[in-house]
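J.: this is a predicted model, with the sequence first.
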Protein chains: 4
Amino acid sequence: MLRAKRPTPPEGAATTQIRHHVAYYETDAMGIVHHSNYVRFLELARVQFMAEHDRPYTEYVNEGFHIPVTRCLVHYLRACRFADPIDVTCWLSWARSASLGFAYRLEVASVLVASAESDHAITGLSGAPTRMPEHMRARTQGWLGQST
Amino acid sequence: MLRAKRPTPPEGAATTQIRHHVAYYETDAMGIVHHSNYVRFLELARVQFMAEHDRPYTEYVNEGFHIPVTRCLVHYLRACRFADPIDVTCWLSWARSASLGFAYRLEVASVLVASAESDHAITGLSGAPTRMPEHMRARTQGWLGQST
Amino acid sequence: MLRAKRPTPPEGAATTQIRHHVAYYETDAMGIVHHSNYVRFLELARVQFMAEHDRPYTEYVNEGFHIPVTRCLVHYLRACRFADPIDVTCWLSWARSASLGFAYRLEVASVLVASAESDHAITGLSGAPTRMPEHMRARTQGWLGQST
Amino acid sequence: MLRAKRPTPPEGAATTQIRHHVAYYETDAMGIVHHSNYVRFLELARVQFMAEHDRPYTEYVNEGFHIPVTRCLVHYLRACRFADPIDVTCWLSWARSASLGFAYRLEVASVLVASAESDHAITGLSGAPTRMPEHMRARTQGWLGQST
């Protein structure tokens, strides 16, 4: 809960921010964004994080591995609506040799609308767990910043 | 347009009907089913048609081919809402050696809500066009019924 | 984590089970169900729980309230694939005057593939928090079973 | 078919182009974009067309009307994959007092991957057909360009 309430990256951490404008097809009959779509917004930010700080996801696949989600937690704080510009900030929150975790802050006009976490395994293309490629592992420590 | 207005299979044609209850996540901020989801309902019916009259789609994949959509047309006649039971009736409307077409009628409580058509190619797993497997081709004529 | 590892309803709790066959449009390029769709499967089970043990969701809306998701947690244990029959078991894990929580177990052929939790607020149709209607509140205690 | 094969706006027509990068959650187990998602890409372009040439869709809703889809046709020419940048060009193809139609061309790196058409009704917020607001009607003729 504490992490969810203060979704701020550690000092020096690598971060990525994307802006996603809510599409009409992402709304539901409550007139708001369906909650399942936030999980997709996280993916948009995470993919961009990897592309910015490491490499495009397609290259991981070419190297023979995937980074599937093993756990996902979303705190929904305020409803979003059609056309809202959602700013998703994403950073690496932890990393081990065969798994890693991201944290996310979602804002509309600088107001926090949701926070989230996702955990991931490293697997081969067939889904079997494996270790992170060396080039990636070497860089993850630099992305983490200083946790105190 | 005529086909769209009288979406009825020819006499003797193989048909499949599925019932899909509209999920909340399929609605949009108009309070109705988002129109893109109808394309998914067609797929549910088509997959069931193949399973009932030929074989599960997973077996086609095991045999090394796919049946991708090359054209899709939907006529939306009445809006559907959360929890509506949509009955999708599906039948083969034409078949050639390397392509085929389906037609669909969508009803809620026997009221026509939409009609649709989809055309398909037969491809290998990499997407290259190929001929229909012999076992499938032999059966398609029987599915067509009598067109007059 | 412990709850996630032993996703079993307390003795005497009301439960609902639905079976969802994975649609082709729910898969992704890894060949497995995209993780965002699990959040939708939870909704299918929860909506059925309410319909079975209380009333259809459409009646809540007619009464003037919604039950939006305020938090959602999913643990992904094994990948699911096209056509897999996913059995989602759902039960109420806690209830207060203006909020409640559900827990979920997802299985394919009796093998645990995921577990999940969702928290919910009670709101008016405009999204403002409100108390649970009396008829619903009276019943929630009966749904909880005995937690020890 | 001819229109589908030469999806080009008439001279002088108003056009809008958006670029959509394919998200991972838009792919399916064939490794390509699921065909239902193209219908969503059309919506992204159409919404942008209205915003650019008339007003944001949210203002239509504030004025009390919707522009639901009554017919949608997509020709799928080449498969798209994760991360592909799809350029969707959209223009008005016809307009009457209570309905209108759009046409679309979808390209990746200047290669045509799909073409599409959508027809729309003008309705009140409850879904009943109505006439186009005067301000919109006055502008539609200017969007059409010269059809010969």
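T.: Good, I have the coordinates.
J.: write out the residues of chain A neighbouring chain B.
T.: When proximity is defined as Cβ under 8 Å from any Cβ of the partner chain, chain A approaches chain B at A:24-25, A:27-29, A:31-32, A:34, A:36, A:81-82. Glycine gets a C-beta too; all of them are placed from N, C-alpha and C.
J.: quick one: buried residues of stretch A:53-68?
T.: A:53-54, A:57-58, A:60-61, A:65-68 (16 or more other Cβ atoms under 10 Å in any protein chain shown).
J.: closest one of these to chain B?
T.: The nearest member of the buried residues of stretch A:53-68 to chain B, counting by Cβ to the nearest Cβ, is residue A:61 at 15.5 Å.
J.: hang on, the earlier thing: go ahead and build a ChimeraX selection from the buried members of the residues of chain A next to chain B.
T.: The buried residues among the residues of chain A next to chain B can be selected in ChimeraX (16+ other Cβ under 10 Å) with this line:
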select /A:24,25,27,28,29,31,32,34,36,82
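J.: go back to the residues of chain A next to chain B and keep what's next to chain C.
T.: Counting by Cβ under 8 Å from any Cβ, the members of the residues of chain A next to chain B near chain C are A:32, A:36.
J.: export the residues of chain A next to chain B as TSV, with columns for distance to chain D and secondary structure.
T.: Below are the residues of chain A next to chain B laid out as TSV (distance: Cβ to the nearest Cβ, whole Å; DSSP: H, G, I helix; E, B strand; the rest coil):
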residue	distance to chain D	secondary structure
A:24	6	helix
A:25	5	helix
A:27	11	strand
A:28	15	coil
A:29	13	coil
A:31	10	coil
A:32	13	coil
A:34	13	coil
A:36	10	helix
A:81	8	coil
A:82	6	coil
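J.: ok, and what's touching the helix or strand containing residue A:136?
T.: Assigned by DSSP states H and E, residue A:136 falls within helix A:134-144. The contact list for helix A:134-144, computed with Cβ atoms under 8 Å, 6 or more residues apart in numbering or on different chains, reads A:10, A:13-14, A:53-54, A:91-95, A:97, A:100, A:131-132.
J.: what subset of the residues you listed is buried?
T.: Neighbour counting with 16+ other Cβ under 10 Å marks A:13-14, A:53-54, A:91-93, A:95, A:100, A:132 as buried within these.
J.: surely residue A:38 forms part of a helix?
T.: Yes: counting by DSSP: H, G, I helix; E, B strand; the rest coil, residue A:38 is found in a helix.
J.: got a list of what residue A:15 touches?
T.: By Cβ under 8 Å, 6+ apart, residue A:15 lies in contact with A:9, A:49, A:89-91.
J.: picking up where we left off before, quick one: which of the residues of chain A next to chain B is nearest residue A:121?
T.: Checking the residues of chain A next to chain B against residue A:121 by Cβ to Cβ gives residue A:36 as the nearest, at 21.5 Å.
J.: low pLDDT regions in chain A?
T.: A:1-6, A:147-148 (pLDDT under 70).
J.: which stretches in it count as strands?
T.: Listed in chain order, the strands of chain A (DSSP state E) span A:15-21, A:65-66, A:69-76, A:85-95, A:99-108, A:111-121, A:123-124.
J.: which of those strands sits closest to residue D:105?
T.: strand A:15-21 (21.9 Å).
J.: near chain D too, which of the buried residues of stretch A:53-68?
T.: The residues of the buried residues of stretch A:53-68 that also fall near chain D, by Cβ under 8 Å from any Cβ, are A:57-58.
J.: output stretch A:73-92 as CSV, nothing but the C-alphas.
T.: Provided in CSV are the C-alpha atoms of stretch A:73-92 (Å, rounded to 0.1, in the frame of the first residue of the first chain):
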residue,chain,number,x,y,z
LEU,A,73,-1.4,-4.9,-9.3
VAL,A,74,-3.3,-1.8,-10.1
HIS,A,75,-4.7,0.8,-7.7
TYR,A,76,-7.5,2.8,-9.3
LEU,A,77,-7.8,6.2,-7.7
ARG,A,78,-9.9,8.4,-10.1
ALA,A,79,-11.9,7.4,-13.2
CYS,A,80,-10.6,8.4,-16.6
ARG,A,81,-12.8,9.3,-19.5
PHE,A,82,-12.7,9.3,-23.3
ALA,A,83,-10.0,11.6,-24.7
ASP,A,84,-8.2,12.0,-21.3
PRO,A,85,-4.5,12.3,-21.9
ILE,A,86,-3.0,9.7,-19.4
ASP,A,87,0.6,10.2,-18.6
VAL,A,88,2.1,6.9,-17.6
THR,A,89,5.5,7.0,-15.8
CYS,A,90,7.4,3.7,-15.6
TRP,A,91,10.5,2.6,-13.8
LEU,A,92,12.3,-0.6,-12.8
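J.: quick one, what contacts the residue lying farthest from the centre of chain A?
T.: What lies farthest from the middle of chain A is residue A:29; by Cα atoms, centre = their mean that is 26.6 Å. Contact analysis of residue A:29 by Cβ under 8 Å, 6+ apart lists B:24, B:27-29, B:31-32, B:81-82.
J.: so which of these is the closest to residue A:73?
T.: residue B:24 (21.2 Å).
J.: wait, doesn't that closest one sit right on residue C:50?
T.: No: Residue B:24 is beyond contact range of residue C:50, at 11.1 Å (criterion: Cβ atoms under 8 Å).
J.: who touches both of these two?
T.: Counting by Cβ under 8 Å, 6+ apart, the contacts common to residue B:24 and residue C:50 are residue C:57.
J.: residues in contact with the residue nearest the centre of chain A?
T.: Closest residue to the average C-alpha location of chain A: residue A:46 at 3.9 Å, with Cα atoms, centre = their mean. Shown in contact with residue A:46 (Cβ under 8 Å, 6+ apart): A:90, A:102, A:118.
J.: looking at those residues, which is nearest chain B?
T.: Using Cβ to the nearest Cβ, the contacts of residue A:46 come closest to chain B at residue A:118, 19.8 Å.
J.: which residues pair with that closest one across the strands?
T.: residue A:72, residue A:102 (DSSP bridges).
J.: how many neighbours does it have?
T.: Look at residue A:118: counted by other Cβ atoms under 10 Å in any protein chain shown, it has 25 neighbours.
J.: ok, residue A:77 next?
T.: 16.
J.: distance of it relative to residue C:53?
T.: Noted for residue A:77: a distance of 29 Å to residue C:53, by Cβ to Cβ, to the nearest Å.
J.: and what of residue A:39?
T.: From residue A:39 over to residue C:53 (counting by Cβ to Cβ), the distance is 27 Å.
J.: just residue A:146 next, same as before
T.: 50 Å.
J.: again with residue A:11
T.: Going from residue A:11 to residue C:53 by Cβ to Cβ gives 49 Å.
J.: ok, the closest residue to residue A:14 other than its chain neighbours - how many residues close by?
T.: The shortest distance from residue A:14 to any non-neighbouring residue, by Cβ to Cβ, 6 or more residues apart in numbering or on different chains, is to residue A:143 (4.0 Å). Residues lying near residue A:143 (other Cβ under 10 Å) number 21.
J.: cool, the one 3 residues further on as well?
T.: Burial of residue A:146, expressed as a neighbour count using other Cβ under 10 Å, amounts to 8.
J.: for the contacts of residue A:15, which one is nearest chain D?
T.: Closest to chain D out of the contacts of residue A:15 is residue A:49 (13.3 Å), distances taken as Cβ to the nearest Cβ.
J.: contacting residues around the nearest residue to the closest one once chain neighbours are set aside?
T.: Among residues not flanking residue A:49 along the chain, residue A:16 sits closest, at 4.0 Å (Cβ to Cβ, 6+ apart). When contacts are counted by Cβ under 8 Å, 6+ apart, residue A:16 touches A:45, A:48-49, A:52-53, A:89-91.
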